[in-house]
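Peer 1: Whatever this is, show me its structure:
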Amino acid sequence: RLLHGKIDILRAELVARLQRSGGRSVLEQVDIDRLTEILKQGQNAPVPVEEQVISIFAGTNGKVDDVPVPAVGKFIEEMLEYFRANGKEILETIRTTGQLPDPASIGALVDRFKEGFDATAAAAASKES
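Peer 2: Alright, predicted model coming up:
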């Protein structure tokens, strides 16, 4: 599918950026670290393409810029749970058409989720595990 190809291209671009990041500023490295956290998947636990699209959208549209790097994984995990409950139609559109629905509606749903997300607690919890 076209969407699978786009995700593979995004991953390749991120890997290339990571490999070239030796001379980058600390701020840029933190941004790369956030994007790396977004792309992580558990072993033998592949993430559905539509959820990968939402995660990449959040990462490339500034939605995780103020989330501490240690909390990004928890942010993505909980955000996807939120989408499964409140954004089923968005996920279904991506899954069935391979197209990104209205970016404003995706952004608004991410923002609504983010209002209730406790980044400090998530970062603290990730340090304990």
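
Peer 1: ok, now which ones touch Leu80?
Peer 2: With contacts defined as Cβ atoms under 8 Å, 6 or more residues apart in numbering, Leu80 is in contact with Val47, Glu51, Ile54, Ser55. No exception for glycine: its C-beta is placed from N, CA and C like everyone else's.

Peer 1: Of these, just say which sits nearest to Gly73.
Peer 2: Distance to Gly73 across these (Cβ to Cβ) is lowest for Ser55, with 10.3 Å.

Peer 1: Can you give me the pLDDT of the residue positioned nearest the centre of the chain?
Peer 2: Nearest to the mean C-alpha position of the chain, counting by Cα atoms, centre = their mean, stands Ser55 at 2.6 Å. pLDDT for Ser55: 93.

Peer 1: Name the helix or strand for it, please.
Peer 2: helix 49-60 (DSSP states H and E).

Peer 1: wait, doesn't the residue nearest to the centre of the chain sit right on Val49?
Peer 2: No. Applying Cβ atoms under 8 Å, one finds Ser55 not in contact with Val49, separated by 10.6 Å.

Peer 1: After the helix holding Ser55, heading C-terminal, what element do we hit next?
Peer 2: helix 69-86.

Peer 1: what packs against the helix holding Ser55?
Peer 2: helix 2-19, helix 26-39, helix 69-86, helix 88-97, helix 103-115 (3 or more Cβ pairs under 8 Å, 6 or more residues apart in numbering; DSSP states H and E).

Peer 1: Same question for that helix: list its buried residues.
Peer 2: By neighbour count on 16 or more other Cβ atoms under 10 Å, the buried set for helix 49-60 is Val49, Glu50, Glu51, Gln52, Val53, Ile54, Ser55, Ile56, Phe57, Ala58, Gly59.

Peer 1: Please identify which of those is nearest to Lys114.
Peer 2: After measuring those against Lys114 - Cβ to Cβ - the closest member comes out as Ala58, at 8.9 Å.

Peer 1: Right, I'll leave it there.
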